[in-house]
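**Student:** Could you look at this predicted model? Sequence included:
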Amino acid sequence: MGMLAARAADAGELFQTHIGGSAVLEGVMMRGRCGWAVSVRTDAGGMYVEERALPDAAERPAWQKLPIVRGCVSFVESMRISYEALSIAVDHVYDEAPGGAAEAGAAPSAPGGEMGSSCAVQDTAEVSREARTSRQAPPADEPDAPAETPDEPSDAGMFASVAVGVLLGVGLFVALPVAVTNLLMGDLQAHNSLAWNLVEAAFRLAVLVAYIWGVGRLPDMARVFAYHGAEHQAIHCYEHGLDLTPENCMRFSRLHVRCGTAFIVMTVIIAVAVNAVVPVGALADALGATGIARWLVVFASRLVLLPLVMGISYEITVRWAGKHPDNPLVRIVLWPGLQMQRLTTRVPDRGMLECAISSLVRVRAQEVRAERARM
């Protein structure tokens with residue numbers, strides 16, 4: 001098995017999956033078409049697992065499925081799910097009660113009744129065999145009473161943290177690059193549009209690299225980046241059709257073409273082309289904007305054009321690259337994003353891989369049950 005796995009890793013993905021995920025505090029969230037699941041390590045060393053259902057994608061309005069638009073819709077949904085998964089992680093990672101973790105093999109019903117029943121160990125093992133997932137479930141911990149529902153102040157604090165994060169992101173990655181480029185290059189004009197945008201993109205990328213490197217030096221964030229690596233390795237293993245075990249996952253790269261890091265880097269690249277084509281300088285001239293007013297016009301244009309930039313980036317990194325991961329052109333186009341993942345991922349340990357496997361098995365089990373229900 002070891003030799004076969006190594007050869008499979010070198011040969012590339014045997015099939016592509018739509019399943020993706022993200023790292024959270026001491027855990028991993030995986031998302032599929034039918035729902036998502038998050039598995040979190042608690043202070044006691046156990047694993048808390050929670051599943052949530054997703055609305056049927058077929059019921060979405062037709063306009064939400066249009067190219068470019070679907071990328072923006074997907075981004076908003078991903079942010080919402082990531083927020084919910086992070087809230088679950090915060091609520092359960094620091095649970096001091098002994099034995100307070102839910103059993104790793106059976107996820108409790110999600111708050112609000114979004115999941116109708118828990119997923120039993122036997123049922124998970126059965127569907128995972130059919131889905132080419134793990135034949136060996138991660139070690140289960142003793143179940144205990146479910147954690148208390150978080151109170152409203154906790155939710156308000158989490159929302160405030162997210163809002164501050166959004167403002168910080170806009171300030172660091174939009175406002176600051178525009179301001180510095182304006183100081184270095186002077187006002188954005190029609191004749192210097194391309195050079196102006198290249199300098200802005202270079203500075204934005206430098207800020208992004210410095211920010212990621214800096215937060216990665218924090219111990220807690222370093223562990224989140226390791227869980228990020230576990231997420232990628234588990235998906236690689238699943239895409240190669242191997243049993244989802246920590247040993248098999250360890251054979252694969254922690255870099256993946258469908259990573260959100262590659263998406264972020266691609267938005268910086270696409271923004272150069274979009275901002276160069278749109279006549280922002282001519283618009284500022286028509287408005288008679290000078291000084292601070294002209295800077296505000298350029299800043300506002302970046303925010304207005306951001307959905308378009310994100311939509312194009314989604315089509316490239318998710319729709320195209322995700323379906324052709326072994327295409328040489330894909331590797332070239334996404335090379336900058338793949339290299340950035342060397343900063344946003346770390347080599348995970350066995351326990352981290354077990355969290356990623358746990359979430360992936362349950363998401364695939366949701367889809368197998370849905371497929372059976374349609375028969």
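**Tutor:** On my side now, so go ahead.

**Student:** where along the stretch 101-250 of the chain do the helices fall?
**Tutor:** According to DSSP state H, counting those that start in this stretch, the stretch 101-250 of the chain carries its helices in the segments 121-130, 152-170, 176-185, 193-216, 219-239, 246-249.

**Student:** Quickly, which of those helices bottoms out on average pLDDT?
**Tutor:** Mean pLDDT is lowest for helix 121-130 out of the helices of the stretch 101-250 of the chain, coming in at a mean of 36.

**Student:** that older thread, so which of the helices of the stretch 101-250 of the chain gets nearest P279?
**Tutor:** With C-beta to C-beta as the measure, helix 193-216 is the member of the helices of the stretch 101-250 of the chain nearest P279 (7.8 Å). (Glycine included, C-beta is placed from N, CA and C.)

**Student:** pull the CA atoms of that closest one into CSV?
**Tutor:** Output of helix 193-216 as CSV, limited to C-alpha atoms (Å, rounded to 0.1, in the frame of the first residue of the first chain):
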residue,chain,number,x,y,z
SER,A,193,-2.5,53.7,-15.4
LEU,A,194,-0.6,50.4,-16.1
ALA,A,195,2.5,51.4,-14.2
TRP,A,196,0.5,52.8,-11.3
ASN,A,197,-1.5,49.6,-11.0
LEU,A,198,1.6,47.4,-11.1
VAL,A,199,3.2,49.4,-8.3
GLU,A,200,-0.1,49.2,-6.3
ALA,A,201,-0.3,45.4,-6.8
ALA,A,202,3.3,44.9,-5.8
PHE,A,203,2.9,46.9,-2.6
ARG,A,204,-0.4,45.1,-1.9
LEU,A,205,1.3,41.7,-2.4
ALA,A,206,4.2,42.8,-0.1
VAL,A,207,1.8,43.8,2.6
LEU,A,208,0.0,40.5,2.2
VAL,A,209,3.2,38.4,2.5
ALA,A,210,4.4,40.5,5.5
TYR,A,211,1.0,40.1,7.2
ILE,A,212,0.8,36.4,6.7
TRP,A,213,4.5,35.9,7.8
GLY,A,214,3.9,38.0,10.9
VAL,A,215,0.7,36.3,12.1
GLY,A,216,2.3,32.9,11.3
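
**Student:** Residues touching it, excluding its own?
**Tutor:** Residues from elsewhere that reach helix 193-216, judged by C-beta atoms under 8 Å, 6 or more residues apart in numbering: 172-174, 176-178, 180-181, 184-185, 188-189, 221-222, 225, 264-265, 268-269, 271-272, 275-276, 279-281, 340, 343-344.

**Student:** Tell me the buried residues in it?
**Tutor:** For helix 193-216, the neighbour count (16 or more other C-beta atoms under 10 Å) marks S193, W196, N197, V199, E200, A201, F203, R204, L205, L208, I212 as buried.

**Student:** ok, now stretch 84-95?
**Tutor:** Quick answer for stretch 84-95 (16+ other C-beta under 10 Å): E84, A85, L86, S87, I88, A89, V90, D91, H92, V93, D95.
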